[in-house]
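A.B. asks: Provided below are the primary sequence and the corresponding predicted coordinates.
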Protein chains: 2
Amino acid sequence: MEYSSKLLADAVEQIAKLPGIGRKTALRLALHLVKEHPVQTMQLAEALKKLRTEIRLCRVCFNISDHETCDLCRSPRRDPTQICVVEDARDVMAIENTAQFQGLYHVLGGVISPINGIGPSELKIEALLQRISTPESEVKEVILAISPTMEGDTTAFFIHRKLAPFQIKVTTIARGIPVGGDLEYADEITLGRSITSRTLMS
Amino acid sequence: MEYSSKLLADAVEQIAKLPGIGRKTALRLALHLVKEHPVQTMQLAEALKKLRTEIRLCRVCFNISDHETCDLCRSPRRDPTQICVVEDARDVMAIENTAQFQGLYHVLGGVISPINGIGPSELKIEALLQRISTPESEVKEVILAISPTMEGDTTAFFIHRKLAPFQIKVTTIARGIPVGGDLEYADEITLGRSITSRTLMS
């Protein structure tokens, strides 16, 4: 594609670097911005710049944060005896939206994936162990909320083993039939797990 | 959705204003930028800012341009006797990519659409007439390359009537079966037009 303007070509090239956005979509977005009021583009550019320069990872839980320590870690209303270990910041948001968990988080920054060159040392596993082993730690339970994929399970198992020396309860989120899901269409492994992990009706 | 960071929330809000991008995709893009090297985000923000502040419309043909007059209008190799009238800048790029047209363009900036409040005066139709009626004009043919929708056809007809007083040939791009298209699946109007506008085999 030949662009009539170098500025347009530059913008398209940069937008097309985003995941899932090809050159045609990038061109559509760029032409949309050209048509819209300049303020919208300025606000977008400013928000992106600020996002990248001012955002940081919480020094305790490695969640995305505006401050050195994130709001969740600083909150006196969160239960410091429970730590929920997740893959990334999106999982924290997803769990927070359920309003079912009152403890703290620990963001690993990924899962063990030898094929992508990600070993345990690339993740925040060592930091988790340090966080638990400090004298002031009140942690009594670590909840592993990691996706039940092969890599996720490997990561969960690795952390489980690393946590063995500590006198801490290690749990994992329940696997089973999703709420509203149909037994008929569930895969065998999920259905099997839902039977072995059956719970007492109260 | 609750965001752990105001900066992230701002960025998501701004990205989600783009057409065809919802909040989930916006969050995915924002988190991608946070993960990537800062330079990528800075280049993106810079390209968008520059796009919006420095881009302008060519004062002759209203195509998107980096200069007061666009490269096409300034080029001595383009044929000044032919003007191709199109809806927007994307159409110019599409036609340029075919390398089948050597003349100049005129970008209307839309089509007549009463339902969207766009009348002839919102488009660059008056500017087209002025462009043709200047003493130094060499225009001999105006090619209407407007989408064959109801609104496009209305616009083409309106321009055709406006051009009647000038001694200028007015043509429209051929309607017919697309190259590689199957007769069987063509709609009746297209197939009918392809028969009435049949061309002599050479």
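C.D. replies: Looks like it came in fine.

A.B. asks: need the contact list for A:R59.
C.D. replies: A:E68, A:T69 (CB atoms under 8 Å, 6 or more residues apart in numbering or on different chains). In short, each C-beta sits where N, CA and C put it, glycine included.

A.B. asks: and if we set it to 10 Å?
C.D. replies: A:S65, A:H67, A:E68, A:T69, A:C70, A:C73, A:A127 (CB atoms under 10 Å, 6 or more residues apart in numbering or on different chains).

A.B. asks: low-confidence ranges in chain A?
C.D. replies: Applying pLDDT under 70 to chain A flags residues A:1.

A.B. asks: ranges for the helices of it?
C.D. replies: A:6-15, A:23-35, A:38-54, A:71-74, A:89-98, A:125-133, A:150-163, A:188-196 (DSSP state H).

A.B. asks: for these, give me CSV that also has distance to B:S194 and mean neighbour count.
C.D. replies: Output for the helices of chain A, formatted as CSV (distance: least, CB to CB, whole Å; neighbours: other CB atoms under 10 Å in any protein chain shown):
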stretch, distance to B:S194, mean neighbour count
helix A:6-15, 35, 21
helix A:23-35, 28, 18
helix A:38-54, 43, 18
helix A:71-74, 65, 17
helix A:89-98, 52, 17
helix A:125-133, 67, 16
helix A:150-163, 55, 17
helix A:188-196, 54, 13
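
A.B. asks: wait, which of those is closest to B:D182?
C.D. replies: helix A:23-35 (24.5 Å; CB to CB).

A.B. asks: my guess is A:A26 meets B:L48, correct?
C.D. replies: No - at 11.2 Å, A:A26 and B:L48 do not qualify as touching, with contact defined as CB atoms under 10 Å.

A.B. asks: check contacts around A:I195.
C.D. replies: A:I195 makes contact with A:G176, A:I177 under the criterion CB under 10 Å, 6+ apart.

A.B. asks: re earlier: which of the contacts of A:R59 sits closest to B:Y185?
C.D. replies: Taking CB to CB as the measure, B:Y185 lies nearest A:S65 of the contacts of A:R59, at 55.7 Å.

A.B. asks: and the closest residue to the closest one other than its chain neighbours, how many neighbours?
C.D. replies: Excluding its sequence neighbours, the residue lying closest to A:S65 (CB to CB, 6 or more residues apart in numbering or on different chains) is A:C58, at 4.3 Å. For A:C58, the count of nearby residues is 25 (other CB atoms under 10 Å in any protein chain shown).

A.B. asks: against A:R175, how distant is A:C58?
C.D. replies: Going from A:C58 to A:R175 by CB to CB, to the nearest Å gives 29 Å.

A.B. asks: can you check A:R193 too?
C.D. replies: Counting by CB to CB - A:R193 and A:R175 are separated by 5 Å.

A.B. asks: any common contacting residues for those two?
C.D. replies: With CB under 10 Å, 6+ apart, A:R193 and A:R175 have common neighbours A:P148.

A.B. asks: contact partners for A:F157?
C.D. replies: A:I112, A:L144, A:I146, A:T172.

A.B. asks: swap in A:G109?
C.D. replies: Counting by CB under 10 Å, 6+ apart, A:G109 touches A:57, A:62, A:86-89, A:118, A:122-125, A:127, B:35.

A.B. asks: over to A:R198?
C.D. replies: Counted by CB under 10 Å, 6+ apart, A:R198 has contacts A:G176.

A.B. asks: before we move on, what about A:V12?
C.D. replies: Residues near A:V12 by CB under 10 Å, 6+ apart: A:1, A:3, A:5, A:21, A:23-31, B:47, B:51.

A.B. asks: so who does the residue lying closest to it once chain neighbours are set aside touch?
C.D. replies: Distances taken as CB to CB, 6+ apart place A:A26 nearest to A:V12, at 4.5 Å, with adjacent residues excluded. Going by CB under 10 Å, 6+ apart, A:A26 touches A:A11, A:V12, A:E13, A:Q14, A:I15, A:A16, A:K17, A:L18.

A.B. asks: nearest to A:M42 among the residues you listed?
C.D. replies: Closest to A:M42 out of the contacts of A:A26 is A:A11 (13.7 Å), distances taken as CB to CB.

A.B. asks: and chain A, what are its domains?
C.D. replies: Residue ranges for the domains of chain A, per automatic domain parsing: A:6-54, A:77-179.

A.B. asks: sweet, I'm off.
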